[in-house]
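In: I'll drop the sequence and a predicted model, then ask my questions.
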Amino acid sequence: MTDTIIFVLAGAFATATPLLLAAIGEVVVEKTGVMNLSVEGMMAFAAAMAFAVTYQTGNIVLGFGLVVGASVALSLIFSILVLGFSANQIISGLAVGILGLGLSGLAGRNFENLTMMAPANLLLPVLSDLPVVGPILFRQNVVTYFAFAAAFLTWWFFARTRHGRITKVVGEEPAVAHNLGFAVIRIRLFAIIFGAVMSGLGGAYASTILTPGWSDGLIAGRGWIAFALVVFGTWRPLRIAFGAYLFGALLLGDLAVQATGFSVPPQIMTSLPYIMTIVVLAAVSRNALLIRLNAPVSLGQNFRPSK
Amino acid sequence: MMLNRYALVQRNEVSLKSIMLVPLVTFILALLGSMVLFGFLGAPPLGGLYRLLIDPLSSAYNISEVVIKAAPLILIAQGLAIGFRAKVWNIGAEGQLIIGAVAASVIPITYPESQNVLMLPAMILTGMIAGAAWAGIAAMLKTRFNASEIIVTLMLNQIAMQILYFLINGPLKDPMGFSYPQSVSFPPVAMYPLLSGDGMLRANASIFVVILLSIAALIYVTRTFSGYTLLVGGLAPSAASYAGFSAQKAVWITLLIGGAAAGLAGVGEIAGPIGRLQPTLSPGYGFAAIIVAFLGGLHPVGILLAGTFMAIVYVGADGAIIDAGLPPAAPVIFQGMVLVFYLASFALVHYRIVRIQPEARA
């Protein structure tokens, strides 16, 4: 029983990682007032590409590197539509997301149902040998540490730095930011690129480290869950990290329930994270004041400097 | 930075001609884009284009296949467009289609030997109610808890799929079907009648339902007060609420209409080309219909044309996947491309790009 608990507590960090990476990317984008719905497609494309490259070359760093490049390229299409052409953000995000899903099928078409070995996790000396805490906290993959560090750094960026405060103004009052001389469009562009890189890393992690393999539909809605996590965390990075960890545990629930010997239809366990997303979203959104205080005021609205 | 030197200025007058120009420019860009894609995939660009757009219209059989695929696309898009016009973002048509199909399938699965001609009408009604109810969950959560309908409908897609998998592996599974997760075949009274007497073509009467409902959609959005206020609610929420039309009502009406249409499309699949319940009911019609709705300018007539176009591409791509080794992902890439090009051409028609003079900025 203790083993099961340790397995879930440690495993939840791993399953939370792709959610957290993508959600931290998205919260930065949304903080500047842009809603990017392409997360799911971006993650799928990145997952397929990272697996294909790593499988072919045996070089996971190359896989991640190329994914970063491709994610940036894809996010530029979104940027041109939203920032350049002032197109509706929701539809533009869906368009690029659909494109990403299609490209994932293309990148992964010769790799369907292939698997490979997971790279060894990082064993922090001494710490990883600690009882209970060691296996839970200090035997994770380096990307997992990066994801949680990114959540912390994002919190620090918005709460403690000048650039972070400027970025927030862009999302709250773009016209004011513009009049103060800040380049609204450029800041939004950087945020979109950052968001794409993070969801790309999330997808790459899912297909090369978490469950090293590719099959169509591998991401299975985790991009959408990441998108929902931003609302769940009311646009606050540390709360998003907490939410990602909870959902990570939920994604593991299937295995954990099996370990206890209960027989539950697998479809119910698979549905659980989606059902929880809806329940949690309703519970958080219900508090209109909480949302109004934390949601970027200009979220979803384009800004045209000439006006 | 270069970006700062240009700006979009809304055109004062957007003529009807320029609105018609949007799909045309999109179409041409999509043609060029897909030729590049074919070239990249090692297929001859012109030959690929022929396969994609001309081949589907080259025989009675292929045209019948186009009709089969156009029906659900148009139907769902008509429903979604009413919501999109009111800025209610129902992204869950795929799930609503599945739930509509699952609910309707219970009738023929329970009475597989029935000869009651009321079975199909009963299935249609059940499918519409079930699809609307599934979308209604999003409407309820939006109006009562302010939960984003985008996320809720997306999550409901995933849950609907799991419900289908559960039922098709359990209560609704054909007990004689060995290990195949599928239901019994439906009796003839559960099927839409075929259009051709000899049974060689698969196209069925569901297309008439689609055309009738498209006309109904046209009347609804252009001739009724309720349809008009939905449009105004999307464009100017304060004006709409001043006129006594609540945003809550708009959320309910549009989601229920969208869900019913998608549920009906689900019935069209199981009571049409599929003829039973199975794990795959739709090749992503629910998502493709979003593209159809926008490509059709959110207008019932435009949607008829856009849905037919998208169906042609589906049939053409199916052929090219089998014969020319085109990857199965190609139609999805094409759909994404069409939507990207649509958004770009829409902007170019509705805005002018002007260069800002440095002194003008200061």
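Out: Cool, got the structure. Note that the structure is a prediction, hence the values are computed from the model and not measured.
In: show me the shaky parts of the chain.
Out: This is for chain A. Applying pLDDT under 70 to chain A picks out residues A:1, A:254-256, A:258-261, A:306-307.
In: actually it's chain B I care about, not the one you picked
Out: Applying pLDDT under 70 to chain B flags residues B:1-7, B:12-16, B:229, B:231-245, B:356-362.
In: can we see that at 90?
Out: B:1-54, B:85-87, B:170, B:175-180, B:196-200, B:220-250, B:297-298, B:317-332, B:334, B:345-362 (pLDDT under 90).
In: which residue ranges form the strands in it?
Out: Assigned by DSSP state E, chain B shows strands spanning B:6-10, B:351-355.
In: return the set of buried residues in the last one.
Out: Put plainly, it is strand B:351-355. Neighbour counts over strand B:351-355 (16 or more other Cβ atoms under 10 Å in any protein chain shown) mark B:Y351 as buried. Where you see a C-beta, it was placed from the backbone N, CA and C, and this is true even at glycine.
In: got the contact list for A:P296?
Out: By Cβ atoms under 8 Å, 6 or more residues apart in numbering or on different chains, A:P296 lies in contact with A:30-33, A:168, A:171-172, A:235.
In: in a helix, A:G134, correct?
Out: Yes: counting by DSSP: H, G, I helix; E, B strand; the rest coil, A:G134 is found in a helix.
In: could I get the strands of chain B in CSV, plus columns for distance to B:M155?
Out: Converted to CSV, the strands of chain B look like this (distance: least, Cβ to Cβ, whole Å):
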stretch, distance to B:M155
strand B:6-10, 35
strand B:351-355, 35
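In: from the contacts of A:P296, which land in helices?
Out: Secondary structure defined by DSSP state H assigns A:30-31, A:168, A:171-172 of the contacts of A:P296 to helices.
In: hmm, which of these are the buried ones?
Out: Here, 16+ other Cβ under 10 Å leaves A:30-31, A:168, A:171-172 buried among these.
In: burial measure for the residue of the stretch 251-362 of chain B found nearest chain A, as a count.
Out: As assessed by Cβ to the nearest Cβ, chain A sits closest to B:A329 within the stretch 251-362 of chain B, at 2.6 Å. B:A329 has 22 neighbouring residues, counting by other Cβ atoms under 10 Å in any protein chain shown.
In: pretty sure it contacts A:G100?
Out: No: checked against Cβ atoms under 8 Å, the pair B:A329 and A:G100 is beyond contact range at 10.8 Å.
In: hmm, who's touching the host helix or strand of A:A147?
Out: Element membership for A:A147 (DSSP states H and E) is helix A:142-160. Applying Cβ under 8 Å, 6+ apart, the contact partners of helix A:142-160 are A:13-14, A:16-17, A:20-21, A:24, A:27-28, A:31, A:122, A:163-165, A:167-168, A:198, A:201-202, A:205, A:209, A:236-238, A:240-241, A:244.
In: try 6 Å
Out: Contact partners of helix A:142-160, identified using Cβ atoms under 6 Å, 6 or more residues apart in numbering or on different chains, comprise A:13, A:17, A:20-21, A:24, A:122, A:164, A:205, A:237-238, A:241.
In: what residues does the stretch 201-307 of chain A have near chain B?
Out: By the rule Cβ under 6 Å from any Cβ of the partner chain, the part of the stretch 201-307 of chain A lying against chain B is A:221, A:224, A:228, A:265, A:267, A:270-271, A:274, A:277-278, A:281-282, A:285-286, A:288, A:304, A:306.
In: restricted to buried residues, select those in ChimeraX.
Out: A single ChimeraX command selects the buried members of these (16+ other Cβ under 10 Å):
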select /A:221,224,228,267,270,271,274,277,278,281,282,285,304
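In: what's near enough to touch B:S214?
Out: Contacts of B:S214 (Cβ under 6 Å, 6+ apart): B:78, B:300, B:304.
In: how about the closest residue in space to B:G258 that isn't next to it in sequence, what does it touch?
Out: Nearest residue to B:G258, sequence neighbours excluded (Cβ to Cβ, 6 or more residues apart in numbering or on different chains): B:G79, at 4.1 Å. When contacts are counted by Cβ under 6 Å, 6+ apart, B:G79 is found next to B:257-258, B:261.
In: tell me which of those fall in helices.
Out: Within the contacts of B:G79, residues falling in helices by DSSP H are B:257-258, B:261.
In: any of the residues you listed buried? List them.
Out: Neighbour counting by 16+ other Cβ under 10 Å classes B:257-258, B:261 among these as buried.
In: strands of the stretch 51-200 of chain A, start to end?
Out: Residue ranges of the strands in the stretch 51-200 of chain A, as given by DSSP state E, counting those that start in this stretch, are A:114-115.
In: tell me the residues of it that contact chain B?
Out: For the stretch 51-200 of chain A, the residues in contact with chain B (Cβ under 6 Å from any Cβ) are A:81, A:85-87, A:90, A:92, A:95, A:98-99, A:101-102, A:105-106, A:109, A:185-186.
In: try it again at 7 Å.
Out: Within the stretch 51-200 of chain A, the positions lying close to chain B (Cβ under 7 Å from any Cβ of the partner chain) are A:77, A:81, A:85-87, A:90-92, A:94-96, A:98-99, A:101-103, A:105-106, A:109, A:183, A:185-186.
In: just the buried members of the residues you listed?
Out: Buried members of these, scored by 16+ other Cβ under 10 Å, are A:77, A:81, A:85-87, A:90-92, A:94-96, A:98-99, A:101-103, A:105-106, A:109, A:183, A:185.
In: before we move on, the earlier item: just the contacts of B:S214: which are in helices?
Out: The helices in this structure, assigned by DSSP H, contain B:78, B:300, B:304 from those.
In: scan these and report the most crowded one.
Out: B:Q78 (32 neighbours).
In: tell me the contacts of that one?
Out: B:Q78 is in contact with B:213-214, B:217, B:261, B:300, B:303, counting by Cβ atoms under 7 Å, 6 or more residues apart in numbering or on different chains.
In: now the buried ones among the ones in helices among the contacts of B:G79 in CSV, with distance to B:R352?
Out: As requested, those are exported to CSV (distance: Cβ to Cβ, whole Å):
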residue, distance to B:R352
B:I257, 36
B:G258, 34
B:A261, 37
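In: for B:R51, see how far away the one residue in chain A that gets nearest to chain B is.
Out: Using Cβ to the nearest Cβ, the point where chain A gets nearest to chain B is A:G105, with a distance of 2.6 Å. Distance, A:G105 to B:R51, by Cβ to Cβ, to the nearest Å: 19 Å.
In: and A:L21, by the same measure?
Out: For A:L21, the distance to B:R51 - Cβ to Cβ - is 40 Å.
In: who's more crowded, these two?
Out: Legend: neighbour count by other Cβ under 10 Å for A:L21 and B:R51, higher for A:L21 (30 against 24).
In: is the more buried one within a helix or a strand, and which one?
Out: Element membership for A:L21 (DSSP H and E) is helix A:2-31.
In: what packs against that helix?
Out: Counting contacts by 3 or more Cβ pairs under 7 Å, 6 or more residues apart in numbering or on different chains; DSSP states H and E, helix A:2-31 is packed against helix A:39-57, helix A:133-137, helix A:142-160, helix A:162-172, helix A:184-205, helix A:222-232, helix A:237-260.
In: where's the second one relative to the chain centroid, distance-wise?
Out: Helix A:133-137 has its C-alpha centroid displaced from the chain centroid by 24 Å (Cα atoms, centre = their mean, to the nearest Å).
In: show residues contacting that helix.
Out: By Cβ under 7 Å, 6+ apart, helix A:133-137 touches A:6, A:9-10, A:127-128.
In: put the buried members of these into a ChimeraX selection.
Out: Per 16+ other Cβ under 10 Å, the buried members of these correspond to this ChimeraX selection:
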select /A:6,9,10,128
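In: from the contacts of helix A:133-137, which single one is nearest B:G95?
Out: Ranked by distance to B:G95 (Cβ to Cβ), those are led by A:L9 at 32.7 Å.
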